[in-house]
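Asks: Make a model of this:
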Amino acid sequence: MTFEGINVEKAKDKIHELVKEKYAGIATRSACGCAPSCCSGSASLVNIIDMGKALDYAEEDLLIAPGEANLGLGCGNPIGIAGLIPGETVLDLGSGAGFDAFLAAKKVGESGRVIGVDMTPEMVEKARANAEGLKMPNVEFRLGKIEELPVEDNSMDAVISNCVINLSPDKSSVFKEMYRALKPGGRICISDILASKEIPPEIKDNPEAYTGCVSGAITQVQVEKILAWAGFEKITIKPKEQSEEIIRGWNFSEGTEKVVFSAYVQAIKPGN
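Replies: Below is the predicted model:
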């Protein structure tokens, strides 16, 4: 996305405001996110379940508050690759209405803990209400940017995120913050959108494409370089099956599914 005549920091602020406005609308049911299924309402609940299956979620998991916690957002299932175990502490970046955080909480159990971070107040409010309604006291939600995480150093066993990092205008800071938050030996387990080639200007400069998880994508090589720079090891990036089908369903410009793809990203912070 280009912002002619605007300095870098103001451009970052502009992107943050665009994203917050979009996802505040989703939280209050006045806008849609990446997929049409994110629009709440009884007519969309079937779409939410169908899309969730394409994103690798089990049907029983998709029945956790569909239309409330599960808004049909995302481009994969980071919980499916995280290998979470009872007692672990998990951080969810861009936690939205709390769906992945609640799934993580089921994995880590009462002895574990999940912290969700989101910069949209309306989403945080919705997630907290969902946590209360679902009676999940081991989950909490904090307001904050993923480039400046409101968590302590070396405090997390795992960091998860679902189709959020592409929305950040400062991805290097996001990965560096993940590294800071993780305990030595901790891991990141991410589902995100990456670019397979240079994104055309008509998509790159479209605010809807940015807030819709497309035009902010960077390449696999760029992600690998940033992760290595941040200090991560054992970096693996795998394209997700059905990626083209998922992105085609987002109804952006024709051929968008040939420009970006959904992928699972994993890496480990060196240590014990």
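
Asks: Name the residues of the one helix or strand Lys238 maps to that come out as buried.
Replies: When secondary structure is defined by DSSP states H and E, Lys238 falls within strand 233-239. Within strand 233-239, the residues that qualify as buried are 235, 237, counting by 16 or more other CB atoms under 10 Å. Quick note: C-beta positions are derived from backbone N, CA and C, even for glycine.

Asks: Need the contact partners of that strand.
Replies: Residues outside strand 233-239 that contact it (CB atoms under 8 Å, 6 or more residues apart in numbering): 194, 220, 223-224, 227-228, 261-270.

Asks: buried subset of these?
Replies: Among the contacts of strand 233-239, those classed as buried by 16+ other CB under 10 Å are 194, 220, 223-224, 227, 261-269.

Asks: After the helix or strand containing Glu122, which helix or strand is next?
Replies: Here Glu122 sits within helix 121-134, counting by DSSP H and E. Per DSSP H and E, helix 121-134 leads on to strand 139-143 as the next helix or strand towards the C-terminus.

Asks: after that next one, next one along is what?
Replies: strand 156-162.

Asks: where does the stretch 151-272 of the chain dip in pLDDT?
Replies: 210 (pLDDT under 70).

Asks: go again using 80 as the cut-off
Replies: Along the stretch 151-272 of the chain, the parts satisfying pLDDT under 80 run over 202-212, 251-254, 272.

Asks: Quick one: the strands in it, in order.
Replies: Assigned by DSSP state E, counting those that start in this stretch, the strands in the stretch 151-272 of the chain fall at 156-162, 182-195, 233-239, 260-268.

Asks: so where do the strands sit in the stretch 1-150 of the chain?
Replies: Under DSSP E, counting those that start in this stretch, the stretch 1-150 of the chain gives strands at 89-93, 113-118, 139-143.

Asks: what's the second one packed up against?
Replies: On a contact count with 3 or more CB pairs under 8 Å, 6 or more residues apart in numbering; DSSP states H and E, strand 113-118 meets strand 89-93, helix 99-108, helix 121-134, strand 139-143.

Asks: which one of these lies closest to Ile26?
Replies: Closest to Ile26 of the helices and strands packed on strand 113-118 is helix 121-134 (CB to CB; 7.7 Å).

Asks: The strands of the stretch 151-272 of the chain: which one's closest to Leu18?
Replies: When the strands of the stretch 151-272 of the chain are compared by CB to CB, strand 182-195 sits nearest Leu18, at 16.4 Å.

Asks: Make TSV from the helices and strands packed on strand 113-118 and add mean neighbour count to it.
Replies: Supplementary listing: the helices and strands packed on strand 113-118 in TSV, determined by neighbours: other CB atoms under 10 Å:
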stretch	mean neighbour count
strand 89-93	27
helix 99-108	25
helix 121-134	19
strand 139-143	19
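
Asks: could the ones you listed go into JSON lines alongside mean pLDDT and distance to Asp56?
Replies: Listed next are the helices and strands packed on strand 113-118 as JSON lines, based on pLDDT from 0 to 100; distance: least, CB to CB, whole Å:
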{"stretch": "strand 89-93", "mean pLDDT": "98", "distance to Asp56": "17"}
{"stretch": "helix 99-108", "mean pLDDT": "97", "distance to Asp56": "12"}
{"stretch": "helix 121-134", "mean pLDDT": "95", "distance to Asp56": "22"}
{"stretch": "strand 139-143", "mean pLDDT": "98", "distance to Asp56": "22"}
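
Asks: wait, which of those is closest to Ser215?
Replies: strand 89-93 (19.6 Å).

Asks: what packs against that closest one?
Replies: Judged by 3+ CB pairs under 8 Å, 6+ apart, strand 89-93 is in contact with helix 99-108, strand 113-118, strand 156-162, helix 171-181.

Asks: Distance to Ile235 for these - can I get that in a markdown table?
Replies: Output for these, formatted as a markdown table (distance: least, CB to CB, whole Å):
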| stretch | distance to Ile235 |
| --- | --- |
| helix 99-108 | 21 |
| strand 113-118 | 23 |
| strand 156-162 | 14 |
| helix 171-181 | 11 |
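
Asks: what about these, which gets the closest to Ser243?
Replies: Of the helices and strands packed on strand 89-93, nearest to Ser243 by CB to CB is strand 156-162, at 14.3 Å.
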